[in-house]
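Enquirer: Based on what follows, work out the 3D shape:
(4 chains)
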Protein chains: 4
Amino acid sequence: MKLYESHISEFNEKSIKEHQNQFDFLGDTLDKKNINTLNVVDALAKFQVAIPSWALGAGGTRFGRFSYFGEPSNLTQKLDDVGLLHALTQTAGAISLHIPWDVPEDYNAIKEQAKSLNLKFDAVNSNTFQDQANAKESYKFGSLCNTDEAIRAQAIAHNQDVIKIGEKLGSKSLTVWLADGANFPGQNNFQTVLSNTENSLKSIYKTLPDDWKMFIEYKPYEPNFYSTVIQDWGTSFMLANACGDKAYTLVDLGHHLPNTNIEQIVSTLMLKGKLGGFHFNDSKYGDDDVTVGSVKPYALFLIFNELVYGMQNNPQNPDLSWMIDASHNIKDPLEDLMQSLEAIQEAYAKALLVDQSALKQAQSVHDVVACQEILQRAYRTDVRPLLAQARLQSGGALDPLALYRGLDVRQTLIEERGKHTIASGL
Amino acid sequence: MKLYESHISEFNEKSIKEHQNQFDFLGDTLDKKNINTLNVVDALAKFQVAIPSWALGAGGTRFGRFSYFGEPSNLTQKLDDVGLLHALTQTAGAISLHIPWDVPEDYNAIKEQAKSLNLKFDAVNSNTFQDQANAKESYKFGSLCNTDEAIRAQAIAHNQDVIKIGEKLGSKSLTVWLADGANFPGQNNFQTVLSNTENSLKSIYKTLPDDWKMFIEYKPYEPNFYSTVIQDWGTSFMLANACGDKAYTLVDLGHHLPNTNIEQIVSTLMLKGKLGGFHFNDSKYGDDDVTVGSVKPYALFLIFNELVYGMQNNPQNPDLSWMIDASHNIKDPLEDLMQSLEAIQEAYAKALLVDQSALKQAQSVHDVVACQEILQRAYRTDVRPLLAQARLQSGGALDPLALYRGLDVRQTLIEERGKHTIASGL
Amino acid sequence: MKLYESHISEFNEKSIKEHQNQFDFLGDTLDKKNINTLNVVDALAKFQVAIPSWALGAGGTRFGRFSYFGEPSNLTQKLDDVGLLHALTQTAGAISLHIPWDVPEDYNAIKEQAKSLNLKFDAVNSNTFQDQANAKESYKFGSLCNTDEAIRAQAIAHNQDVIKIGEKLGSKSLTVWLADGANFPGQNNFQTVLSNTENSLKSIYKTLPDDWKMFIEYKPYEPNFYSTVIQDWGTSFMLANACGDKAYTLVDLGHHLPNTNIEQIVSTLMLKGKLGGFHFNDSKYGDDDVTVGSVKPYALFLIFNELVYGMQNNPQNPDLSWMIDASHNIKDPLEDLMQSLEAIQEAYAKALLVDQSALKQAQSVHDVVACQEILQRAYRTDVRPLLAQARLQSGGALDPLALYRGLDVRQTLIEERGKHTIASGL
Amino acid sequence: MKLYESHISEFNEKSIKEHQNQFDFLGDTLDKKNINTLNVVDALAKFQVAIPSWALGAGGTRFGRFSYFGEPSNLTQKLDDVGLLHALTQTAGAISLHIPWDVPEDYNAIKEQAKSLNLKFDAVNSNTFQDQANAKESYKFGSLCNTDEAIRAQAIAHNQDVIKIGEKLGSKSLTVWLADGANFPGQNNFQTVLSNTENSLKSIYKTLPDDWKMFIEYKPYEPNFYSTVIQDWGTSFMLANACGDKAYTLVDLGHHLPNTNIEQIVSTLMLKGKLGGFHFNDSKYGDDDVTVGSVKPYALFLIFNELVYGMQNNPQNPDLSWMIDASHNIKDPLEDLMQSLEAIQEAYAKALLVDQSALKQAQSVHDVVACQEILQRAYRTDVRPLLAQARLQSGGALDPLALYRGLDVRQTLIEERGKHTIASGL
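Expert: Numbering: from 1, shown residues only, chains lettered A, B, ... in the order given. Next up, the predicted model:
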């Protein structure tokens, strides 16, 4: 389905007056607090989040999967879906491919399509947590960590292939997420698998183009239920340091033990110039992968507060790769992604409103009550008019979800694609 | 220190115009969504939260306690502090006493003072988790649960005494929090201690006046680190049912295992007509007892969403006893309480903005995306003008914290009371 | 594959002398502590655990599934596998069927086969957490809890069908596990879904034969990641009470929030006569479903300590239904089950060694150190000779795993069944 | 109270025959598995654990403290208590002092006393989590991390003083545990406090004698309930690397988030040569500080399995400093310590029984079932005879707890010291 500019402009027409009213009033209020509203809106407009190619179909759990209709069944359709999202929100200007699920057949066609949809190719993702149909070796007992050299070699070669595919598309980074670990005490020798992983990562790193980055993801558990080789930021950071300057840690919000202070990890990594990528989602129990901001929006704000601080004060840290990594078990994936994008922009906007110099001053005199007030003052502000304004000035919809529903997009997709398509992925 | 009405009115004068501006604009916005703003403000104005007598001094941890200056050193001063809070916020219209820390010497004088400060006496709290200087028996190994009959008898008699003290003051409820439990496997026979506790509670219940309620608090751990006799809502509910119609479960936000869905518990208890009391605080790890809303404000909103639903739809459940139960390790206790009260009112206001009929409709057609939008629409609203308006119309301060600091209240208290007073309590 | 008695007796021959030596020495040692070793061995020999029909193939996670070769592809082969397990261990004398995965085609043949293998049919399990190919209604948004009456009716009818199937086989109980819940705040009205669930359970209960029991399982999360309708024992207990005398709570070890004191729950339920069934597995993070005793064997012992106490002291509680409910992602399922059975028997044996009268005495004088010593004395005992003896006297193998490997059973199964069979189930 | 050798030998006499019987039988059994029992016993006899000076009195929680009678009220009495423990167990051959609670008045006398009791001075511990009576600056808002230079300077100087005191006693290491952190979001700038802490540690490190080590402890929360500056092993490791070769990470078992895989952390640190010290205790919920092995003995065994592996395979890692760091809220502290020492020795003994070469072989072919069997075979062994033998050959008691009770030691201590002494500490 193609979304025309006229769709958007006609839709915006209806609510533009009320929006302008809300935006102006908020702008006046923020002015009095010496906040430059236009700068905030510009920052929001520039902030782009990649959509992973596997997030456009229904997700599932180990207990099964309920289908969603009209899923994209090939890479072209996936790009179309992200293009639609981006047209509506002006926030989803990139796609992150998963190999081997999304190997392009015709690179030029795919690149042309992406260009026409105003999409970039963000980090490419390798997969060594599943066995492919034609694979010689199995990853059942680990990939880059495996005691079996042939298995490690296959996994290394796969990652190197993924880099090559990414190069053809204009990607500039590789994300390595390893499921490697153990389900039972004794299954692995911790030191052996860690050393193997370090060496394997170094082999991949060696073939990394000069202008690329390698992101090393960590996760405490699942799908392994006793140990994971790269279990926490400390391990990822150690491995990134061992690999070299182009290797970074990637933080996925759902990959932490209960009660972890994630914003502190973010801050430490940026201080050390080693935070490379960020995967957004939300969760109440484990790596639930539910809609961003649907469970702990204040935690997300606190994390953004550190991200904003780092982006403003840590030149040693590179620009980050932002991506949504959520599952869509019971919602329309496109609607779910719109809700996630809104929550991300909201947290970012609120973090931009924090009065950093007042905060620094309050911290220096240990005025804890004032510190809390400063953060909460920013958080309590209703920033929806700022988000709408940022979309408006970029050509997006004032209310993306309402337009999506108004145009009956899903129904059109079902008619175009059929009911029982299945997106490649999990 | 006495706060005069003129203090407040003069202070409000300065910001009344800006407040009116914000309130009117928000009112207009809500009007368009068919929300009766004045009803919301009235509900906020009526909502009163009790302050426990032990919350007016500095708290501590097992690693020590850093003192705070100007603490109240007797019940009269404690009432003064709550009176001050109430004058500023118009939300703290009750005090909850802890026995034996706060036994009045002159009941009439205390009652007169409370009346003059416009304070009620909320639930009285017993203490069987510490040994009193002159006590015959020790609670080291439990109180109401103890295998030793003499210890149980002492603990029962203490609770009955607390009821009598409460009667003299006009309280209408008793809160029983038991630390009883075990630090080690095998220490207790679970069935014996549960049966003992049930029988002891029944003995206390027998002497409960007809118009009183008994609240049974639960907690999974601390100060016992293996088991607690009343470990969860299920146990409390079972005991309340065993005692009778006047016995209820009390929910303290910090008394749950990691990741517990507290709003669901609240909803179940109200459906069954057995939610009696509520203790507010916040936490990231355990029973941290930090300022309400400082860690998980969205969770608080979700809980209030259930409370509002229950108050509107569950006539089988009585009016609730609301209390703040937080510790103040590094903040001025009065400032901390003002922040907690603000957070409670904020969550309540946002819950009142939820469009219940739209929500019901969305739930009935399983429109999960819409359900989330409806809740978030309410939550994202900046309700601070509503809170300020509720205070204003009750004679409180538009910005209580600013006035408290503007008047240098703490300094005055230090001058009046001296630096090194220590409030009775933990 | 058929296991002949001679296989076992020849194998036992080799190690019988060393076994007798170990058993006699341990017996002498226990004698001196006034423990009747033969009684313990008899109790072990009588203890039988059901194997669920879905546990005989490889499990998986939401990230995929690595196949295992030689899986049973129909009910007959599943019974064969359990028969083999039982012949080796003499502990797995029952099978628990899952409907619709295991509907018998020929009831008489299946019953004959079970009889010949010395297997009973334990609880039958219904499935309303997945949509069946030909189903009219979908359980995507819940089954017994659903706001849609037609969906509830379908789920109720399915449970009633399962009872009928169970009756034909000689089962005497129905286990209801509901995945029903919500992935997002607001998705469900908690009171509506709880009331619907209660009513649906009552409808099922009405058709329950007089000599049957209904087990109501609880679980805090997964596959729903915000709330589960029957989230904890308190909710299950409440529902069981609402249904009637034949309704009980079922405890699955993996279905608890982090740090839950499960043994206390077990004890409370037995005191109230409401513990009906028990699902064994182990876990470190969530409902990991790994081999029993592989992560927290001491916790398992403490739970068995309460179970033994209840079986000896709570005539109000019925005999329990015991079942293993684990997943086998990377181990041979039959080997995994042998390890689980061994761990269960070990915990049970150690619990039987606890000196209950000494414990009671130590508890009554609050001798906490002695209480701990008494439990640890039992736990530290190496009970493997007792387990081997119990197997021996029932005709099982001294070392089931060694015999299984010695006979190359899996290889035979692969030859008989082929490599790429897939067991029905998850 | 003085314990004479004759006390011990007379006591041992009574049970020596039964012990010999058990030890011989176990030895024979282990022999058949090619385990050199005498080597194991020798290793156990050499393994010595330091007792912290603050662990000899009753502990408490923030809800209060129940006293224990006969507590040591000065350093001499504390040494006596540890001496007694060591005489009984032959495992507690060191004491770890806490400054300023235990500053010796007469260094020579204290050293003489220690020598006569066969005790060494292990790591010295600094205290910047409490304010001392005469302190100029307060640590209420942090010590080494503080934004206030004068406070940092005081904390640095204190640590340097502690080193000097340790030098006079023959200690060779300093343990730095920092409570520094924040109770509320926004209170600290994470990067500022981390950088300050790094610089402060470097200042302390500069004055560290050449043959000393500095141990940097980490902890996720408590007494701060939002963030701790050194929150995890990754942060400690980073800081230790920044300081230099003599700086190491110290692992305290209770200082982890729920479900952390601690054994993996231990293994990683030893691989990198950076594990310096180890604090033993146990816990179910948080930093509960209960008796070692009383809650999760299998986890302790798995940790020891990594420690043993590291001690045998990681020459890059130095000898470790072992210490018990538990609290004694309801047990006689000396009895509690005996139970902890027994649990430590038990876990160590079992880890020594693991067949490392069989394990390596099973790991290399991914025989997960066998890996588990190998660990569990060691764990299931009843090693109490080995522990008793190790004590016996060192001159300790076969059953220390029984002798302690038989001699009525606590009663003697009460008579000598009085009932209401209070040990310095928490």
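Enquirer: In a helix, A:Asp102, correct?
Expert: No: counting by DSSP: H, G, I helix; E, B strand; the rest coil, A:Asp102 falls outside a helix, being coil.
Enquirer: I figured it hits A:Thr76, correct?
Expert: No: at 10.4 Å, A:Asp102 and A:Thr76 do not qualify as touching, with contact defined as CB atoms under 8 Å. For glycine as for every other residue, the C-beta is placed from the backbone atoms N, C-alpha and C.
Enquirer: quick one: which of the two has more around it?
Expert: A:Asp102 (23 against 15; other CB atoms under 10 Å in any protein chain shown).
Enquirer: list the buried ones in stretch A:205-219?
Expert: Using 16 or more other CB atoms under 10 Å in any protein chain shown as the test for burial, stretch A:205-219 gives A:205, A:208, A:212-219.
Enquirer: I figured A:Ser327 hits A:Thr291, correct?
Expert: No: the pair A:Ser327 / A:Thr291 is not scored as a contact, 9.5 Å apart, by CB under 8 Å.
Enquirer: And A:Gln187, how close does it get to chain C?
Expert: Distance from A:Gln187 to chain C, counting by CB to the nearest CB, to the nearest Å: 8 Å.
Enquirer: Give me the pLDDT value at that residue.
Expert: Each residue has a pLDDT score; the one for A:Gln187 is 98.
Enquirer: Pull the contacting residues for it.
Expert: A:Gln187 makes contacts with A:226, D:363, D:366, D:368, D:371-372, as judged by CB atoms under 8 Å, 6 or more residues apart in numbering or on different chains.
Enquirer: For chain B, what's the nearest residue on the stretch 151-300 of chain A?
Expert: At 4.7 Å from chain B, A:Pro258 is the closest residue in the stretch 151-300 of chain A, using CB to the nearest CB.
Enquirer: Give me the contacts around stretch A:398-411.
Expert: Residues outside stretch A:398-411 that contact it (CB under 8 Å, 6+ apart): A:1, A:3, A:7-8, A:11-12, A:15-16, A:19, A:69-70, A:84, A:88-89, A:332, A:334-335, A:338-339, A:341-342, A:388, A:391-392, A:397, B:369, B:373.
Enquirer: What subset of those is buried?
Expert: Among these, those buried by neighbour count (16+ other CB under 10 Å) are A:1, A:3, A:7-8, A:11-12, A:19, A:70, A:84, A:88-89, A:332, A:334-335, A:338-339, A:341-342, A:388, A:391-392, A:397, B:369, B:373.
Enquirer: from those residues, which are also near chain D?
Expert: Applying CB under 8 Å from any CB of the partner chain to these, one finds that nothing falls near chain D.
Enquirer: So which of the residues you listed belong to helices?
Expert: If you go by DSSP state H, the buried ones among the contacts of stretch A:398-411 have A:7-8, A:11-12, A:19, A:84, A:88-89, A:334-335, A:338-339, A:341-342, A:388, A:391-392, B:369, B:373 in helices.
Enquirer: Next one: A:Ala123 from C:His7, what distance?
Expert: Distance, A:Ala123 to C:His7, using CB to CB, to the nearest Å: 56 Å.
Enquirer: ok, now A:Ile8?
Expert: For A:Ile8, the distance to C:His7 equals 75 Å [CB to CB].
Enquirer: now do A:Trp212
Expert: Taking CB to CB as the measure, A:Trp212 falls 60 Å from C:His7.
Enquirer: now swap in A:Asp399 and tell me
Expert: Going from A:Asp399 to C:His7 by CB to CB gives 72 Å.
Enquirer: any weak-confidence spans in chain A?
Expert: A:424-426 (pLDDT under 70).
Enquirer: tell me which parts of it are close to chain B?
Expert: Proximity of chain A to chain B (CB under 8 Å from any CB) is limited to residues A:18, A:22, A:25, A:29, A:32, A:258-259, A:261, A:284-285, A:291, A:293-299, A:330-332, A:335-336, A:339, A:346, A:368-369, A:372-373, A:376, A:379-382, A:384, A:401.
Enquirer: which among the contacts of A:Gln187 are in contact with chain C?
Expert: Among the contacts of A:Gln187, the ones lying near chain C by CB under 8 Å from any CB are A:226, D:368, D:372.
Enquirer: Out of those residues, which comes closest to D:Asp80?
Expert: In terms of CB to CB, no member of the ones next to chain C among the contacts of A:Gln187 lies closer to D:Asp80 than A:Tyr226, at 44.4 Å.
Enquirer: Quick check: chain neighbours aside, which residue is closest to that closest one?
Expert: Spatial nearest neighbour of A:Tyr226, excluding adjacent residues (CB to CB, 6 or more residues apart in numbering or on different chains): A:Ala182 at 4.8 Å.
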